[in-house]
Structures are given as C-alpha cells and as structure tokens.
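A.B. asks: I would like to see how this sequence folds:
(one chain, ligands or ions: 1)
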Amino acid sequence: MLRIDDFSTFKKVATPFYYYDIDLFEKTADKVAELSERTGIKVHFSIKANSDRRLNDILSSKGLGADCVSGDEIEFAVTCGYAPKDIFFAGVGKTDREICQAFQVGIGAFVVESLEEIQIISDIARRLGRKATISLRINPNIDPHTHHYITTGLYEDKFGISDRSFDEAAAMVTTDPNIDFYGLQFHIGSQILEVADVIKLECEKVNDIVSRFESNGVVIRNIDLGGGLGIDYDDPDRNPIADFETWFMTIHNNLKHRPDQTVHIEPGRSLVAQCGSLISQVLYVKKGENRNFLMIDAGMNDLIRPALYGAYHKIENLSAHYDDNDGRDNPVYDVVGTVCE
Ligand SMILES: Cc1ncc(COP(=O)(O)O)c(C=O)c1O
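C.D. replies: So this is what the prediction gives:
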C-alpha cells in the first residue's frame, strides 16, 4: 500500500496528480550511485521515462548523466544541471534542427542508428565547422524475453545497425573527417526481468561484436548497454527498488573491456517507476448491464501504458485503507477513465 503520512492533507490536492515518494526515490538513486562507484559503470538517466524537474535535479546532483531523444529533452537536461558532456543524444528520428541544438549545447555524443543518419550528422557537422562525436547503436538480434511491444534489439525492430552493415558503418565513422568515433551502444528492450540470464547473453554478444570491430582496427572508447531493467508491477511493495545489484554485477562480471574503455548504462523506468503513483478520484459508479464501472478522473492521457499494450498496472483503494473501512464488501469493478481507450 502506498505510504502516505498525512492522508487528510493528501485528500485536499486536486486530482488527478502524480505523487512521488521522494524518500524512496533518493534511496533508489543512492543505490545506483553506490553501484556505479563500486563497478565503474557510468549511468545516464533516460529522460523519456520521466521529465519531472525535481526528480531530474536530484539525479544530476548525484552525478548521473542524461540519455535524451529530442532537442527539447537536451534543453531540459541542461536546465536540470546535467553536464553537457554527460548528455547523449539517441533516437531513430533526429531532425536537423535538433542535431544543430545538440551541437550548440555541446553534448557528449550522438548515438546514431543507421548509415543514413551517420551521413546526415556528418553533413551538418561539416556545415557548422564542427566534429561530431558518434557512437553506433548496434542491433545485436537478442530476444530480451519481455513484452513484444518493448523489444528493440531484434532484426525485425527499427533500431540500430545490424551485422550486415558493420563494415560499412565502421568505414564511414573512422574515415570521415567530420566524425570523432566514440563507441558502440546496445539497448535490447525494456522491463527485462530475467536479468542475470538476459544480461549475461547480452554481454557475451557485445564482447563478440566489440572484438569484431577491434579486429578491423576500430578503436572503441565507450560501450553503452542501454537500459531495460524491469520492475515489480505486480507487487511494488515487495520490491520497491529494482534489482540493480544483479544488473550491475552481471555486467561487471561478464563484459570484457579494457581499463581505458568506459562502460555506460541508461536506466529509465527502473529509476523512477516504483516511486511514482497516479492519484485519481472516483467520480461515480455506473451500474452497467453486465458490469459495474468505476468512473475515475484520470485516463490514458495521464497513464498510457496499460491502454497502449495491455500491461498490468496495480490499483489500490487509498480511502478504504486510510479512512476507516465502512463495511465495503469488495464488489468487482471495471476501473475506467475519461477517454475512450
Ligand atoms: C536507447 C534507450 N536507452 C534507454 C532506454 C530506457 O529503457 P528502460 O526504461 O527500460 O530502462 C530506452 C527505452 O526505450 C532506450 O530506447
């Protein structure tokens, strides 16, 4: 059950709203900072997972960097105190305007998804008289054993450069005078729960791919394994902090890298999801022909995940828990929101 110290004050806030447990958030961020220190693995928060100002201020103050997928996210990251060199710009669809914005801010690296994109960024760098620091996003063709809507590292996915294009991509980034080649990035999917097995497999594949590039004389300065650590949606109270220990240690024990090669990860959901709750109010109960509908004042526009791909999201009745239980007999309802999906 969500921990609320003063429920009567809480009830005065207009719904719907997002509530963040800042204590839990600090503990989660501290755990990640401690593991980063212990293993040397650098952490960039994937801002698409949450763009709340206060949460991002906290993460930047703990030394994390930012993984951004738009020009607006880059601008936002700077205002939250992330150092520009610790901001990476990823994503399959960067516009020319956003690429120029990234140069202006002086970000650490572009994570590039295709041969076509390498050319576009190189052309813009030349026009601006700049050099683009570039990592290649690799599609390693690994099944992360998660929901098929959130797998990103299989051949059928739109992301990354697959092995058929490695040689061409390597030639482009190492011979182009407008490009400073930085490293390789791998993000295979989200909500990964078979952490030890899947991440070990990912590391083994990454080891092979890195040595394939290096045997062709390509110097890899950075290896970025993306995000993907899953959280316990079924019982958030049982596991309020995701299994960062297994994630970091599996990488630490299985990824081969030289001391001068930096290693990155980019957690999104695992840093923020367990700390946030969407608080909504029941407007009325509609007795339908076959079902009872609990009409609440939040909809898919406030929380898209369940409607988008049928994902489970736990719902708790706070009034029944915090106000004295007035004999409600736990009937079954369909909880429905204000928009059609
Ligand atoms: C490139 C990249 N990095 C990191 C993440 C964050 O993933 P997660 O929220 O599963 O940790 C994503 C999510 O889509 C991503 O596409």
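A.B. asks: what about the residue minimising distance to the centre of the chain, distance to Q104?
C.D. replies: The geometric centre of the chain, computed from its C-alpha atoms, lies nearest to G268 (Cα atoms, centre = their mean), at 2.6 Å. Noted for G268: a distance of 25 Å to Q104, by Cβ to Cβ, to the nearest Å. Using the backbone N, CA and C atoms, a C-beta is placed for each residue, glycine as well.
A.B. asks: what about S51, how many neighbours?
C.D. replies: When neighbours are defined as other Cβ atoms under 10 Å, S51 has 13 of them.
A.B. asks: Wait, I315 touches D334, no?
C.D. replies: No. Between I315 and D334 there is no contact under Cβ atoms under 8 Å: 10.9 Å.
A.B. asks: Just the pLDDT at the nearest residue to L318 once chain neighbours are set aside, thanks.
C.D. replies: Using Cβ to Cβ, 6 or more residues apart in numbering and skipping residues adjacent in sequence, the residue nearest L318 is L2, 6.5 Å away. L2 carries a pLDDT score of 90 in this model.
A.B. asks: 41 is where my numbering starts, stick with that
C.D. replies: Understood, numbering begins at 41; the last thing we discussed is L42.
A.B. asks: Quick check: L42 vs S205, distance?
C.D. replies: The gap separating L42 from S205 is 48 Å, by Cβ to Cβ.
A.B. asks: Around the ligand, which positions in the stretch 91-240 of the chain sit nearby?
C.D. replies: Neighbours of the ligand within the stretch 91-240 of the chain, by Cβ under 6 Å from any ligand atom: 107, 130, 192, 227, 230.
A.B. asks: To what extent is the residue lying closest to the second one once chain neighbours are set aside buried, counted in neighbours?
C.D. replies: With sequence-adjacent residues excluded and distances taken as Cβ to Cβ, 6+ apart, A130 is closest to V151, at 3.8 Å. For V151, the count of nearby residues is 26 (other Cβ under 10 Å).
A.B. asks: just the one 10 residues further on next, same as before
C.D. replies: Burial measure for I161: 22 neighbouring residues, criterion other Cβ under 10 Å.
A.B. asks: Tell me which residues touch it, please.
C.D. replies: 134, 139, 150, 152, 172, 174, 219 (Cβ atoms under 8 Å, 6 or more residues apart in numbering).
A.B. asks: what's the helix or strand for it?
C.D. replies: Applying DSSP states H and E as the criterion places I161 in helix 155-168.
A.B. asks: Could you give me the buried positions within that helix?
C.D. replies: 157-158, 161-162, 164-165 (16 or more other Cβ atoms under 10 Å).
A.B. asks: mind putting the residues you listed in CSV, pLDDT included?
C.D. replies: Listed next are these as CSV, based on pLDDT from 0 to 100:
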residue, pLDDT
E157, 96
I158, 97
I161, 98
S162, 98
I164, 98
A165, 98
